[in-house]
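Colleague: below are the sequence and a predicted model; questions follow.
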Amino acid sequence: MHPVAAGANVDTPALNAYARARLADGEGALDLAVSSYRQALANDPSSKVVALRSYRQAIESGDKKLALSSAYILDRANALPKDGTLLMTVDALDRKDWATARLLSRRLVKEDNFAFLAPILDSWISTASGSYAAPSAGPDGRLGALTQRYVDEHKALQLLSQGRTDAAMPVIGHALVTSGGVAASMRLAFATRLAAQGRKNEALALLPATLPGVASVRKEIGQGKRRPVPPITPAEGFGRLLGRLGEDLSTTDSRAISLVLLRFASFADPANAEYRAGVARQLVIQRHPDSALMEAEKVSAKSPFYLAAQEVRVTALVARGDQETAVALARQIAARPDAGAAEQIRLANILADGKQYDAAVDAYRAAKARYPAGGMPWSLYLLEGSALERGGRWVEGKAALEKAAALAPEEAAVLNYLGYAQVERGQNVEAALALLEKASRLKPDDPSITDSLGWGRYKAGDPQGAVPVLQRAAEAAPDDVTINEHLGDVLWVVGRRFEARYAWSAASTFADAPDAERIAQKMREGLNPRDAAY
């Protein structure tokens, strides 16, 4: 905002709107925040502070008009973030302003951050503005390597749009290899265009029945339907490029830019449900579950990405604390004819988190039934065993955990769970301690496994040997309630009473009721069997 002179009346519409926006922003109320930023920007269109806040909030909420107006204000003030060049490029392509789009492509190269996108952007511009030039990664090196990751997908789509199907086929194969061969959206894009050109067999080969969300598309193609598919526009092509990059970054430390890229992709191609599902997924990760729900609900039930959007809705409902609705929706998804093991596992995980252990076990077992013989992952036995153990069905749980250990004898998580559960029950203590020792060797820097080993030594009758192990665990995870309580109990047993109370105090600081009260009781009266850790 502009500086305010001393004694001036600061009760202005711009300031009031900005204050409301900041408060709403802090509370995660995206809709209120963006409407308030819009008002503040209208009242003070020269403010870089308001424009920058408005720009970021508009991207999160999906207000393209506000994002663009904020971006152009920031650009005139030489304060536009580097990703803003991508948004202005989307705008130029949408307006079919090819000259401005080319200038922005050169600007991407100059700014460097997204320079590797420029060769593909230039190629898409050429499809509509003059002589076609296929995308090229250029010479070897940093820029070429980054560009190459995406070149073949876009070259193949351009060839298909031009009706050059035979030329596209080897490029499609290379694109799938480059992507790892599992990109559902890429396969769908290729398959629908091949089907439209009468290449039914090649289209079906790209869509294995195990691929989520493709059942209706496969059925339509199999019936020989040739639904016309219009050529991809430069805006849609650039949107696909941004969407793919956004998805690639979604599992890295660059999740914030992932949301920005996916939102820009949705601005470039508003009809593409894939980007809406991706935006919704990122909104959940960034703790905006209500906005994620609204975004996911925009995906049509007829879309191949409907199932993905529904799964995001489940995650958002859990994040919002609506466990009952989340379970009901997860059950609907798991009951779909095209649902597989992953959908059953998601349902089971939600049930287990809600302490509905018997129902979770049933869902884990339903997931197991969907795997081919010999293809069962060890992790599913671990999940089932955990639900059985926590649900009081230890004999069955132990059998499942032992099966997991047999399948994955070098997996520290399995050895840790099986060893700790037995030590806690005083069963097979020597063998269980050996499992914990091995788990700790496999993951020496994991504080939870270090804690299990220390507690195991204590349970095995060696409290003195347990102390340094538990101290190491507490140093690695100073805010972990269980680790600090374990350390306090063992310190008390070996006679180090002052240090024990210090460890219990650390545990109580982070504990929820009723654990906090139980730990506080030990701090007042010392350790007794009633209040011992578990």
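Modeller: Sure, I can see it. Numbers count the residues shown, from 1 in each chain.
Colleague: what mean pLDDT does stretch 327-346 get?
Modeller: Averaged over stretch 327-346, pLDDT sits at 89.
Colleague: now the terminal residues of it, how far apart.
Modeller: 10 Å (CA to CA, to the nearest Å).
Colleague: quick check: buried residues in the helix or strand hosting Asn349?
Modeller: Using DSSP states H and E, Asn349 falls within helix 341-353. Going by neighbour count (16 or more other CB atoms under 10 Å), the buried part of helix 341-353 is Ala341, Glu343, Gln344, Ile345, Arg346, Leu347, Ala348, Asn349, Ile350, Leu351, Ala352. Yep, even glycine has a C-beta here, placed from its N, CA and C like the rest.
Colleague: please apply the same query to stretch 468-475.
Modeller: For stretch 468-475, a neighbour-count test (16+ other CB under 10 Å) marks Val469, Leu470, Gln471, Arg472, Ala473, Ala474 as buried.
Colleague: any idea how far the second one is from Gly526?
Modeller: Counting by CB to CB, to the nearest Å, the gap between Leu470 and Gly526 amounts to 18 Å.
Colleague: what residues does stretch 419-433 touch?
Modeller: For stretch 419-433, contacts defined as CB atoms under 8 Å, 6 or more residues apart in numbering pick out 389, 394, 397-398, 401, 418, 434-436, 439, 452-453, 455-457, 459-460, 534.
Colleague: sorry, back to before: put together JSON lines for the buried residues of stretch 468-475, with secondary structure, pLDDT and distance to Gly321 on each row.
Modeller: Converted to JSON lines, these look like this (DSSP: H, G, I helix; E, B strand; the rest coil; pLDDT from 0 to 100; distance: CB to CB, whole Å):
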{"residue": "Val469", "secondary structure": "helix", "pLDDT": "96", "distance to Gly321": "37"}
{"residue": "Leu470", "secondary structure": "helix", "pLDDT": "96", "distance to Gly321": "34"}
{"residue": "Gln471", "secondary structure": "helix", "pLDDT": "96", "distance to Gly321": "36"}
{"residue": "Arg472", "secondary structure": "helix", "pLDDT": "96", "distance to Gly321": "36"}
{"residue": "Ala473", "secondary structure": "helix", "pLDDT": "96", "distance to Gly321": "31"}
{"residue": "Ala474", "secondary structure": "helix", "pLDDT": "95", "distance to Gly321": "31"}
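Colleague: could you dump the residues you listed into a markdown table with distance to Ala408 added?
Modeller: Below are the buried residues of stretch 468-475 laid out as a markdown table (distance: CB to CB, whole Å):
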| residue | distance to Ala408 |
| --- | --- |
| Val469 | 24 |
| Leu470 | 27 |
| Gln471 | 30 |
| Arg472 | 25 |
| Ala473 | 23 |
| Ala474 | 28 |
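Colleague: closest to Gly198 out of those residues?
Modeller: Nearest to Gly198 among the buried residues of stretch 468-475, counting by CB to CB, is Ala473 at 64.1 Å.
Colleague: surely that closest one touches Glu485?
Modeller: No: the pair formed by Ala473 and Glu485 falls short of the contact definition of CB atoms under 8 Å, at 11.5 Å.
Colleague: who's in contact with the helix holding Asn349?
Modeller: Here helix 341-353 makes contact (CB under 8 Å, 6+ apart) with 212, 311, 314, 318, 323, 326-327, 330-331, 333-334, 336, 357, 359-364, 366-368, 370-371, 380, 383, 386-387, 390.
Colleague: so how far is it from its chain's centroid?
Modeller: The chain centre lies 17 Å from the centre of helix 341-353; the measure is CA atoms, centre = their mean, to the nearest Å.
Colleague: so the helix or strand just after it versus helix 341-353, what angle?
Modeller: Sequence-wise, the next helix or strand downstream of helix 341-353 (DSSP H and E) is helix 357-368. If you take axes from the mean of the first three to the mean of the last three CA atoms, to 10 degrees, helix 357-368 sits at 170 degrees to helix 341-353.
Colleague: what average pLDDT does helix 357-368 get?
Modeller: On average, helix 357-368 scores 95.
Colleague: tell me the buried residues in it?
Modeller: Of the residues in helix 357-368, Tyr357, Ala359, Ala360, Val361, Asp362, Ala363, Tyr364, Ala366, Ala367, Lys368 count as buried by neighbour count, 16+ other CB under 10 Å.
Colleague: and of the residues you listed, the nearest to Gln464?
Modeller: The closest of these to Gln464 turns out to be Tyr357 (CB to CB; 36.6 Å).
Colleague: from what I can see Ala67 touches Leu52, true?
Modeller: No: taking CB under 8 Å as the definition, Ala67 is not a contact partner of Leu52, at 11.5 Å.
Colleague: the two - which one has more neighbours?
Modeller: Using other CB atoms under 10 Å, the more surrounded residue of Ala67 and Leu52 is Ala67, with 27 against 20.
Colleague: list the buried ones in the helix or strand containing the more buried one?
Modeller: Using DSSP H and E, Ala67 falls within helix 64-76. For helix 64-76, the neighbour count (16+ other CB under 10 Å) marks Lys64, Leu66, Ala67, Leu68, Ser69, Ser70, Ala71, Tyr72, Ile73, Leu74 as buried.
Colleague: what about the nearest residue to the second one once chain neighbours are set aside, how many residues nearby?
Modeller: I take that to be Leu66. Sequence neighbours aside, Ala58 is the residue nearest to Leu66 in space, at 3.9 Å (criterion: CB to CB, 6 or more residues apart in numbering). Neighbourhood size, Ala58 [other CB under 10 Å]: 26.
Colleague: can you check the one 4 residues further on too?
Modeller: Residues within reach of Gly62, counting by other CB under 10 Å, total 21.
Colleague: list phi and psi for the closest residue in space to it that isn't next to it in sequence.
Modeller: Distances taken as CB to CB, 6+ apart place Arg263 nearest to Gly62, at 6.3 Å, with adjacent residues excluded. For Arg263, the backbone dihedrals are phi -70, psi -40 (criterion: degrees, to the nearest 10).
Colleague: Arg263 contacts Ile59, doesn't it?
Modeller: Yes: look at Arg263 against Ile59 with CB under 8 Å: they come within range, at 5.1 Å.
Colleague: of those two, which one has the most company?
Modeller: More crowded of Arg263 and Ile59, by other CB under 10 Å: Arg263, with 29 against 26.
Colleague: contact partners of the biggest helix by length in the chain?
Modeller: Looking across the chain with DSSP state H, the single longest helix is helix 142-161. The contact list for helix 142-161 (CB under 8 Å, 6+ apart) reads 115-117, 119-120, 123-124, 127, 132, 134-138, 165, 167-168, 171-172, 174-175, 178-179, 186, 189-190, 193-194, 197, 231-232, 237, 240-241, 244-245, 248.
Colleague: Ile449 reaches Ser440, doesn't it?
Modeller: Yes: the pair Ile449 / Ser440 is scored as a contact, 5.4 Å apart, by CB under 8 Å.
Colleague: hey, what's in contact with both of those two?
Modeller: Common contacts of Ile449 and Ser440, defined by CB under 8 Å, 6+ apart, comprise Ala412.
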